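1. Build me a model:
(chains A and B)
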Protein chains: 2
Amino acid sequence: EIIASVLDFLEAADAPKPLLGKKAIVTSGPTFEPIDPVRFIANRSSGKQGHAIAESLAQAGADVTLVSGPVSLPDPAGVTLVRVETAREMLAAVTNALPADIAVFAAAVADWRAADAADQKMKKDGSGVIADLKLLENPDILATISASGPTRPALVIGFAAETQNVAEHARAKRTRKGCDWILANDVAPDTGTFGGDQNEICLITDDDEKTDERWPRQSKTGVARMLTARIIDHFA
Amino acid sequence: EIIASVLDFLEAADAPKPLLGKKAIVTSGPTFEPIDPVRFIANRSSGKQGHAIAESLAQAGADVTLVSGPVSLPDPAGVTLVRVETAREMLAAVTNALPADIAVFAAAVADWRAADAADQKMKKDGSGVIADLKLLENPDILATISASGPTRPALVIGFAAETQNVAEHARAKRTRKGCDWILANDVAPDTGTFGGDQNEICLITDDDEKTDERWPRQSKTGVARMLTARIIDHFA
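-> This is a model prediction of the structure:
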C-alpha cells in the first residue's frame, strides 16, 4: 500500500520529489566490444529497462546520471546522459559520476572483450582457417562499485539476466558481487524480455529466499516505477 | 549525360519504369552471429545503403526482394522484405529468391561465426579465465551466387568495405569472388561511412584500374540512384 500510494504520487504532474537531493547513477543498454574497426561483440539488451529507471528516478527528484551503451532510444528527459561503447568506458564513466546515493546497474555489460582488437579490418586469407578469438575478462562494474569503500553508494542495485534457475543464480550473484539488491529476470529467448517491452522481476534484497519479491509481469516502465517506489521507501 | 537524364526520370513521380520485368535481389544490414542466447558478433552496418538501393531499384520498376539483417530502419516502400539474422539464413533467403536478373550484395555479412553457439548463457566461473572463442568461416554469399551456374543473375554486384588500399583490395575481390561489379568504399572509423548517411564510392567494373569510376561523396540515397542509373544503362 505504501508502494501504491507512491506510484500515485509519481503519476501526478505536480508530484512531490521524494528523491530530491539524492544523486543516482544508472547504467543501461549493451556494451560493444570491438574485434576490429567494423566488428564487435554485442548483446541483445535494448536499454529500455535502464532508460525507464533513469527517467523514473529523475521524475522522483533524483539527480540522475545515465551511463548508456549504444541504443536506439530517445534520450530520457531530465537526466545527464553519458554515452559509452565498451565495459571499460562504462566503468570509467560510472567512477567519474561518483559519489552517489543510489546506483542501478541495468546495462548488459559484456563479460569479455577481444584480447587484441585489430586496428585494421581482419581479412580472410583464403585458407578457410581463422585463429580462435582470444578473450579477456572485462572489469566487473557491479562488484567494483559495490566494493568501492568510502565512495560506495548507500544503495547498490544490480540486475541478473538468467536463462535458468533465475532466483537461485541471482541470490548467489548478490552475495558474490556485494551489492544490496538484485533484480532478477529471465532472458531466455522464448520470454522476449531482451529487446521487448515487458519484464518479469524477482527482487532479491537478502539471503533469505522467503523475502523474495515476485513482481507481476508488466511493462518496463511499470518495473521502473515499482523500483523507484521501493527506493523511495528504502530512504524514507 | 545518360546517367543524369536517367536520374531526372527517376525523380519524377510518373517516372517510366525502365527495370519493369527485371527481378532484383538486394541484401542489406549486418548479420548477427550468436555466441549464446544473449551474446552475438555484429558489425557496424546500419543497412542504410542496401535499403536505399532496394527502394531505388523498385522505383525504377524492378521486382525487388530485400534480404535484410537486423536494422533500425523503416521498411522500404514497394519491396518484398525477408528478415534474417545470420549469414547462413541470409544465403538461404537469397538462394530461395533466385532466379533474378540483378543481385546487389550490400549487407555486411559476418565472415565468421562461433563454432559452438551455447544453448545457455555462458557464465563466468570466477577463475578470470575464459576459453578462446572458436570461429568457423561463414558461407561466402557473393562468391556462391557469382558461381551459381544456370541460376546466376546476369548482373552480380558486390560491395568491398575496406579500411586501406580501397580500390586495389576491391579489384582483387572482384576477381576472387567472380562478380561483375564492385562498389568499393572506405569504412575506416574516421570516414563515418558505417552508420552514417554519406558514402564515397569507387565503382569497379573490370580489371583495368583506368576504368575505375570515382563517384562524388554523396548521400546513400544518391549512391543508390547513381547505381540504379548505371544498372538501367547496363540493361539498355
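2. Can you get me a residue count around the residue in chain A that chain B sits nearest to?
-> Proximity to chain B, evaluated over chain A using CB to the nearest CB, is greatest for residue A:132 at 3.6 Å. Placement of C-beta: from N, CA and C, glycine included. Residue A:132 sits with 11 neighbouring residues when counted by other CB atoms under 10 Å in any protein chain shown.
3. ok, it touching residue B:130?
-> No - between residue A:132 and residue B:130 there is no contact under CB atoms under 8 Å: 11.3 Å.
4. Tell me the pLDDT of residue A:1.
-> On the pLDDT scale, residue A:1 is placed at 56.
5. Kindly report the same for residue A:11.
-> Taking residue A:11 on its own, its pLDDT is 60.
6. Which positions in chain A make contact with chain B?
-> Within chain A, the positions adjacent to chain B are A:32, A:35, A:37-45, A:72, A:108, A:110-112, A:120-122, A:124, A:126, A:128-137, A:161-164, A:176, A:187-189, A:194 by CB under 8 Å from any CB of the partner chain.
7. Identify those among those that sit within helices.
-> Judged by DSSP state H, helices contain the following of the residues of chain A next to chain B: residue A:176.
8. on that earlier part again, return the backbone torsion pair for the residue of chain A closest to chain B.
-> Residue A:132 has phi and psi values of phi -60, psi 150 when expressed as degrees, to the nearest 10.
9. One more: residue A:74?
-> Dihedral angles (degrees, to the nearest 10) for residue A:74: phi -70, psi 150.
10. circling back to that earlier point, and the buried ones among the residues of chain A next to chain B, selectable in PyMOL?
-> For the buried members of the residues of chain A next to chain B, the matching PyMOL selection, counting by 16 or more other CB atoms under 10 Å in any protein chain shown, is:
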select buried, chain A and resi 32+35+37+38+39+40+41+42+43+44+45+108+110+111+112+121+122+130+133+135+161+162+163+187+188+194
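11. where in chain A is pLDDT low?
-> Counting by pLDDT under 70, chain A contains low-confidence residues at A:1-14, A:125-126, A:128-129, A:194.
12. Grab the most central residue of it for me.
-> residue A:106 (0.8 Å; CA atoms, centre = their mean).
13. ok, that residue to residue A:151 distance?
-> 20 Å (CB to CB, to the nearest Å).
14. likewise residue A:190?
-> On the measure of CB to CB, residue A:190 and residue A:151 end up 41 Å apart.
15. show me where chain A has helices.
-> Under DSSP H, chain A gives helices at A:2-11, A:48-59, A:87-97, A:141-146, A:166-177, A:220-235.
16. how about a markdown table for the ones you listed, with distance to residue B:82 added?
-> Formatted as a markdown table, the helices of chain A follow (distance: least, CB to CB, whole Å):
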| stretch | distance to residue B:82 |
| --- | --- |
| helix A:2-11 | 43 |
| helix A:48-59 | 26 |
| helix A:87-97 | 34 |
| helix A:141-146 | 39 |
| helix A:166-177 | 35 |
| helix A:220-235 | 29 |
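17. Burial-wise, tell me which of those helices comes out on top.
-> helix A:48-59 (a mean of 27; mean count of other CB atoms under 10 Å in any protein chain shown).
18. helices or strands up against that one?
-> Applying 3 or more CB pairs under 8 Å, 6 or more residues apart in numbering or on different chains; DSSP states H and E, we find helix A:48-59 packed against strand A:23-28, strand A:63-68, strand A:102-105, helix A:220-235.
19. Pairing partners for the lengthiest strand in chain A, with directions?
-> The strand spanning the most residues in chain A, taking DSSP state E as the definition, is strand A:155-162. Taking DSSP bridges as the criterion, strand A:155-162 forms sheet pairs with strand A:102-105 (parallel), strand A:181-186 (parallel).
20. Out of the ones you listed, which is the most enclosed?
-> Per residue and on average, the most neighbours among the strands paired with strand A:155-162 fall to strand A:102-105, with a mean of 27 (mean count of other CB under 10 Å).
21. Export that strand to PDB, keeping only CA atoms.
-> C-alpha atoms of strand A:102-105 as PDB (Å, rounded to 0.1, in the frame of the first residue of the first chain):
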ATOM      1  CA  ILE A 102      21.900   5.200  -5.500                       C
ATOM      2  CA  ALA A 103      23.500   3.100  -8.300                       C
ATOM      3  CA  VAL A 104      21.400   0.900 -10.500                       C
ATOM      4  CA  PHE A 105      23.400  -1.300 -12.900                       C
END
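22. residues making contact with that strand?
-> The set of residues that contact strand A:102-105 without belonging to it, under CB atoms under 8 Å, 6 or more residues apart in numbering or on different chains, is A:19, A:22-27, A:50, A:53, A:57, A:62, A:94, A:141-142, A:145, A:153-159, A:179, A:227, A:231.
23. any idea how far the closest residue to residue A:88 other than its chain neighbours is from residue B:121?
-> Of all residues not flanking residue A:88 in the chain, residue A:139 sits nearest, at 6.3 Å (CB to CB, 6 or more residues apart in numbering or on different chains). Distance, residue A:139 to residue B:121, using CB to CB: 19 Å.
24. Ok, residue A:191 next?
-> 13 Å.
25. Go ahead and confirm residue A:91 touches residue A:144.
-> Yes - between residue A:91 and residue A:144 there is a contact under CB under 8 Å: 6.4 Å.
26. now do the same end-to-end measure for stretch A:80-92.
-> 16 Å (CA to CA, to the nearest Å).
27. Who are the contact partners of residue A:76?
-> With the criterion set at CB under 8 Å, 6+ apart, residue A:76 makes contact with A:51, A:52, A:54, A:55, A:58, A:66.
28. Now it. Nearest residue, chain neighbours left out?
-> residue A:55 (3.9 Å).
29. Over to residue A:189?
-> Nearest to residue A:189 is residue B:37, by CB to CB, 6+ apart, at 5.3 Å.
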